[in-house]
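Engineer: Here is my input; please provide its structure:
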Amino acid sequence: MKKLSVFFAIIFGMMGIVRADEGMWLPMFVERLNYVDMQKMGLQLTPEELYSINNSSLKDAIVGLSNGAYPRGFFCTGEIVSANSLLFTNHHCGYSSIAALSTVEHDYLNEGFAAKNFSEELPAEGVSASFLVRMEDVTAEIFGAVSDTMDYMARQQAINAKIKELEAAASEDGKLNPVIKGFFEGNEYYMFVYKTYTDVRLVFTAAQSIGKFGGDTDNWMWPRHTGDFSVFRVYADENGEPAEYSENNKPLAPKHHLPISLDGVQPDDFTMIWGFPGSTERYMTSYGINYNVDVFYPIIHDIFKAETDVMDEYMKIDKAVNIAYADDKAGYANTWKNFEGQMKMLRKNKVAERKADLEAQFTEWVNANEDRKAEYGDVLGTLETMYAQMGNAAKTLFYPNFLAQRNPIGRIRPFAEYYRTAADKEATKEQKQAAADALKEIDVDEMFKDLDDRVEKGMLIAVMDLYSKNFETEELPEYMQKLLKKHKGDWKALACDIYENSIFSTPESIKAFIEKPNAKKLRKDPAFMALAALNNQMYSVYPIYQMANTSIAEADHKFVKGLREFYAETQPEKVLYPDANSTMRMSYGSVKDYQPADAISYDYVCTANGILEKYIPGDFEFDAPKALLDLLEAKDYGQYADENGELITCFLSTNDITGGNSGSPIMNGRGELIGLAFDGNWEAMSGDVNFEPKLQRTINVDIRYVLFIIDKVYGATNLIDELEIHKAMPMPVRVEEE
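Structural biologist: Sure thing, here's the model as predicted:
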């Protein structure tokens, strides 16, 4: 017993009780789990003012941004900041909509956009804004549908069926959008009921030379000088209910909107962030970390980096290409740099080793009791074995998969059903004719919309080059070996042949094929042959990979269940929080600097002076608009300057966030908006797996910089007038009497 006590003391010191700044907490539990701690740190609101299902509360100003009327997750967060549902979010969250609305003639992406009134606001097609109505624990109902005699797959099928039943019952005939998700690897279930509005309109965006200042170079880096914000508005019908876009719709009257504070931040000021964090893996084992770092991340990193390099090459020289590929490039670049950071920092911060220490102690705890040994004794061994199997299959699965998505190979999939039917000797004449007729439903022009031949061909060659470097010739499927032999081992020549000579290379050749489809001609097509080869290669390992993936999900469920029991018995004071899963969460912390390395110290704020220092005229990442530069040179900051006369662009806080929190409001203790969260920092890129209290920081764009851009740079005073702006009166200077 003494040995275990000493060990748990070591683990306690290593893992720590959950700190105030660690954790993404469910709002419905704020009063029970977090409120006293938050009060001590500076919160001035009541629990009812934070989260209420009966009265207006802070949660009613937080919006999940997604696509479609019934989203199952959110790509970003926004916040309502006016009585007319003006919505602030990040520039990179609005990027897709801004790019879609841009043309060479109206280049909002590179020039910005500011609506002067409601009628000038532009529909952001496909974007929806969801407000949380309520959340509730449905664990008992879900587990009531399963039994101990079910195997894992039967259990999941029963759970999924029950989820659909409960969601349908709570939808009020489609008026609401209920979503049930599992927590703690399926050991608890909660339902989130949303009201989703699909008429969302672009109101304001700065030029991307402001909204993306620093580009990929500065991504996840500090200090930061990026004005990462954009402005939208939520519309509703005359009754305030969700409705498709209509000129008759009116701005939604929200239940709550956030006031804005111009008081700025000081070290140790209380901060809280509300939003929809996408995904963390804080309970991942060392085996999962090693698989990601050694196998999965390097593959995706290399492929996405190669593709963005090609996009960059042509985006820099062609304005139309820059607009057309802006959204794709942003997403790809964000992913490869994220994975690059995770690979480096998971190793540097020794996260796998720390997880392995915990696993060793978990194993000791399990083996000390026969019942625990029977239930959990094999769980870590299963995870080790299954991750090894996934690692063995990954190369053969992922490289062909991504190559198969590149045009023209990627355009073949809508034609697959036709080929299966046309090549089937037992298919009737009528069936074959029906398959041929179905081809006429394919929108060929949509396939080629906004594509550039130079970019598409370059990306195919780049991914083909990576593919070739990762497989010996004898490892390739027979079809691919034949294609390679035809081109005398020249992979670039093979890629060029596919791109230039396939039926699927041009809209004209595809349309001609649809008019006179021919299965034999299709079978001889170089892109079709390549896809067949790649599919054969993928399917040779897919069953193994899928089986391992399912086994990992089952083992993770069991491991987290056991881990919770382990902590409950050994560290009952430790409060566990669930991983992020694109549901509303709250995190809280404080404004704080950090020391990334020996003899290096980073301040908690950075100023607009850094824009002038980084500015490179005409540069793809570090150019800046003349109107902004002139104001900065003159130090003409207006009411948005701090007490020292400087303009703060961004500041740091200790809040726990991840992807999906982008655009989240960061608020002070009075619930006033002081900035928008938009990034994490490089040194804590391991934070999705293990929170790093000394290093982990959230990078926030200061609300004063946001308003400075809207007001002083673009002159959109109509938007400033909508806002509820608070600023503390300066204290009177005390004069001592003689």
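
Engineer: Could you point out the helix or strand that follows the helix or strand bottoming out on mean pLDDT in the chain?
Structural biologist: None of the helices or strands of the chain scores lower by mean pLDDT, DSSP states H and E than helix 2-15, at a mean of 33. Counting by DSSP states H and E, the next helix or strand C-terminal to helix 2-15 is helix 30-33.

Engineer: starting at the chain centroid, how far to whichever helix or strand comes after that following helix?
Structural biologist: Using DSSP H and E, the next helix or strand after helix 30-33 towards the C-terminus is helix 35-41. Taking the mean of its C-alpha atoms, helix 35-41 sits 29 Å from the chain's own mean (Cα atoms, centre = their mean, to the nearest Å).

Engineer: Buried residues, helix 35-41. List them.
Structural biologist: For helix 35-41, burial by neighbour count (16 or more other Cβ atoms under 10 Å) applies to Tyr35, Met38, Met41. (Each C-beta comes from the backbone N, C-alpha and C, glycine too.)

Engineer: pLDDT averaged over it, what's the number?
Structural biologist: Mean pLDDT, helix 35-41: 95.

Engineer: likewise stretch 52-71?
Structural biologist: 95.

Engineer: end-to-end on it?
Structural biologist: Using Cα to Cα, to the nearest Å, the end-to-end distance of stretch 52-71 comes to 23 Å.

Engineer: Would you mind listing the buried residues in that stretch?
Structural biologist: Buried residues in stretch 52-71 (16+ other Cβ under 10 Å): 52, 57-66, 70-71.

Engineer: Equivalent analysis for stretch 476-484, please.
Structural biologist: Leu476, Pro477, Tyr479, Met480, Leu483, Leu484.

Engineer: quick one: which of the residues you listed is nearest Phe184?
Structural biologist: Pro477 (41.6 Å; Cβ to Cβ).

Engineer: Now stretch 520-540: buried residues?
Structural biologist: In stretch 520-540, counting by 16+ other Cβ under 10 Å, buried: 522, 525-535, 537-538.

Engineer: Could you export these as CSV, including secondary structure and pLDDT?
Structural biologist: Converted to CSV, those look like this (DSSP: H, G, I helix; E, B strand; the rest coil; pLDDT from 0 to 100):
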residue, secondary structure, pLDDT
Leu522, helix, 94
Asp525, coil, 94
Pro526, helix, 92
Ala527, helix, 94
Phe528, helix, 94
Met529, helix, 91
Ala530, helix, 92
Leu531, helix, 93
Ala532, helix, 92
Ala533, helix, 92
Leu534, helix, 94
Asn535, helix, 94
Gln537, helix, 95
Met538, helix, 95
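
Engineer: Looking at the residues you listed, which one is closest to Asp445?
Structural biologist: Using Cβ to Cβ, the buried residues of stretch 520-540 come closest to Asp445 at Ala527, 19.0 Å.

Engineer: circling back to that earlier point, so which of the buried residues of stretch 52-71 are in strands?
Structural biologist: Of the buried residues of stretch 52-71, the ones assigned to strands by DSSP state E are Ile62, Val63, Gly64, Leu65, Ser66.

Engineer: Please name the bridge partners of the second one.
Structural biologist: Applying DSSP bridges to Val63 yields these beta-bridge partners: Gly78, Phe131.

Engineer: got the contact list for it?
Structural biologist: By Cβ atoms under 8 Å, 6 or more residues apart in numbering, the residues touching Val63 are Thr77, Gly78, Glu79, Ile80, Leu87, Ala129, Ser130, Phe131, Val234.
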